[in-house]
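Asks: Quick one: sequence and predicted model below, then my questions.
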Amino acid sequence: MMYPNLVRIGLFFIGLIASAIQPLDYFTWTLEVIPALAGLAVLAWTYKNFKFTGLTYNFILLHCFILFIGGHYTYAEVPLFDWIRDAIGGTRNNYDKLGHFAQGFIPGMIAREVFVRQQIVKPGFWTGLLTVCVCLAVSVFYELGEWAVALSSGDASDAFLGTQGDQFDAQSDMFYCLIGALCMVFFMSGLQDKAIAKMQSEQA
């Protein structure tokens, strides 16, 4: 298991360094990549006592790359999503919504794996419900953090907030997080259970 994780760590730092090369705004880049760095620190700190499945680690790495891209370009100016906006005749760059979908999906995988493997609640309805609740709590704290940054830094936080003129941006962000968490619970629970069972059989 160590070798794949070394590959993931290598890819993490490649993505981090690439995103740090001439980003649109270094202040925004710093704010956007802090969650990825904090996540890496927590995973490293808990690694001896709790190792996640490779499936969950892969999705965590994917989430980090979503953060790196958003930090490099800012969430309102990712080129691919500018192209999508123009192609469908939209009015905003929706990369931030992908980010908030991931904010529900990937923390959902983390929370659910902890619930299942630590047997915190019985498998089934309550596991799914509490997973979604954890994701929504993460989203709420993130929005509160954005609010705190906006209050303390004024106009310098505009690129970080990425509201693009939408007065209900925070509410829609939480809604996309909810969709991501529900998608994880409904479509990934079975696959995650298989990954957990495989991991436990290898450790037996």
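Replies: Arrived safely. Residues are numbered from 1 along each chain as shown.
Asks: OK, contacts around Thr30?
Replies: Gly71 (CB atoms under 8 Å, 6 or more residues apart in numbering). Quick note: C-beta positions are derived from backbone N, CA and C, even for glycine.
Asks: quick one: which helix or strand includes it?
Replies: helix 26-46 (DSSP states H and E).
Asks: Give me the next element, helix or strand, following that helix.
Replies: Helix 26-46 is succeeded, C-terminally, by helix 54-73 (DSSP H and E).
Asks: Could you check the angle that next one makes with helix 26-46?
Replies: Relative orientation of helix 54-73 versus helix 26-46 (axes from the mean of the first three to the mean of the last three CA atoms, to 10 degrees): 160 degrees.
Asks: Pull out the buried positions in helix 54-73.
Replies: 55-61, 63-73 (16 or more other CB atoms under 10 Å).
Asks: Repeat that for stretch 20-28.
Replies: 23, 25, 28.
Asks: Just put those residues in CSV and tack on pLDDT.
Replies: Below are those laid out as CSV (pLDDT from 0 to 100):
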residue, pLDDT
Pro23, 96
Asp25, 89
Thr28, 88
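Asks: what's the closest non-adjacent residue to the residue nearest the centre of the chain?
Replies: What sits nearest the mean C-alpha location of the chain, by CA atoms, centre = their mean, is Gln103, with 3.9 Å. Spatial nearest neighbour of Gln103, chain neighbours left out: Cys177 (4.8 Å); criterion: CB to CB, 6 or more residues apart in numbering.
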